[in-house]
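A.B. asks: Here is the input, now give the coordinates:
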Amino acid sequence: MNLPHSLNPARILVVDDNEDDVHLLREAVLLAGLEAEWHHTSNGVECLRFLHKEEAYSLAPAPDLILLDLNMPVMDGREALEQIMEDESLRHLPVVVLTTSSSPHDIRNMYSLGARSYLVKPIDFGAFVVHLKVLFAYWFETVERPS
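C.D. replies: Residues are numbered from 1 along each chain as shown. Below is the predicted model of the structure:
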């Protein structure tokens, strides 16, 4: 996938407490052909520390895209998204919910909180790769985003 020079490699923050899911996501992104600079936090508190460059994240880059799981310990994705959208310095960041929940309530709630997209993790790995290709083509080739 040919990204504009300014986004090559794309900086992606994955917020997910399931290490197996994170590993599968990385494999799927490689198969989707995206060069990515990966960053990972395991809950909403760590995500906000990363975004605010606090503590161990003092040198953290601003992500081009945040992939946010819903169900995590300490602070879940709902709370994290709400805090991101309430923060003037962060609300411009594209947050895509990537979760196993297909609950209409969760979908409606996350969009109302400010999620830019909502994807249900497919069970089939091949379908997951296809979904990620479409997602990254959209976010990194199609739309204009703030710098």
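A.B. asks: Going by C-alpha atoms from here, please, whenever you check contacts or count neighbours.
C.D. replies: Noted.
A.B. asks: Any idea which helix or strand in the protein has the lowest mean pLDDT?
C.D. replies: The weakest-scoring helix or strand in the chain, judged by mean pLDDT, DSSP states H and E, is helix 19-32 (a mean of 85).
A.B. asks: Using the three-state scheme, assign V96.
C.D. replies: Secondary structure, DSSP: H, G, I helix; E, B strand; the rest coil: V96 is strand.
A.B. asks: For it, list each beta-bridge partner.
C.D. replies: According to DSSP bridges, the residues that bridge with V96 are L67, S117.
A.B. asks: Tell me where the chain has helices.
C.D. replies: Applying DSSP state H to the chain gives helices spanning 19-32, 44-51, 77-86, 104-113, 125-137.
A.B. asks: Buried residues, stretch 133-144. List them.
C.D. replies: Applying a neighbour-count criterion of 16 or more other C-alpha atoms under 10 Å, one finds 133, 136-137, 140 buried in stretch 133-144.
A.B. asks: Run through the protein and note the low-pLDDT ranges.
C.D. replies: 1-8, 147 (pLDDT under 70).
A.B. asks: Find the centremost residue of it, please.
C.D. replies: By C-alpha atoms, centre = their mean, the mean C-alpha position of the chain lies nearest to L67, the distance being 1.3 Å.
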